[in-house]
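**Q** model this:
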Amino acid sequence: KLASLRGELEACERALDNFLESKKVLFGRFFLVSNADLLDILSNGNTPHKVVPHMPKIVATIGTLELTHGTDSEYTGRPSAVGWESLTGG
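**A** Down below sits the predicted model:
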């Protein structure tokens, strides 16, 4: 029974690795983050304030993003980036 469960776990791990790899191929900057970070980013895609801490790992010059809720009719309620803090420059 334990061997069977281990085989199922390994199959799940392979499927997750393949899924994350497919996302990295679609957006190359995802190669810059760990699989754990990428899983956190993807699982919180509809909650941008939870993704913001990962931004410096994806775009080296962004330290933080300032978010606000959208007000136009097409994106009502969707957060928008309205400012950012750079990690470079002076």
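
**Q** List the contacts of the residue positioned nearest the centre of the chain.
**A** The C-alpha lying nearest the average C-alpha coordinate of the chain belongs to residue 41 (CA atoms, centre = their mean; 2.3 Å). Residue 41 makes contact with 30, 33, 51, 54, 58, according to CB atoms under 8 Å, 6 or more residues apart in numbering. Glycine gets a C-beta too; all of them are placed from N, C-alpha and C.

**Q** and it, what helix or strand is that in?
**A** helix 35-43 (DSSP states H and E).

**Q** again with residue 9
**A** Element membership for residue 9 (DSSP H and E) is helix 2-26.

**Q** now that helix and helix 35-43, what's the angle there?
**A** 70 degrees (axes from the mean of the first three to the mean of the last three CA atoms, to 10 degrees).

**Q** Give the buried residues for helix 2-26.
**A** Across helix 2-26, burial judged by 16 or more other CB atoms under 10 Å covers 20, 24.

**Q** what's the neighbour count on residue 78?
**A** 13 (other CB atoms under 10 Å).

**Q** Ok, residue 55 next?
**A** For residue 55, using other CB under 10 Å, the count is 20.

**Q** measure residue 14 to residue 2 for me?
**A** Using CB to CB, to the nearest Å, residue 14 is found at 19 Å from residue 2.

**Q** picking up where we left off before, name the next helix or strand following the helix holding residue 41 along the chain.
**A** The helix or strand immediately downstream of helix 35-43 is helix 48-51, counting by DSSP H and E.
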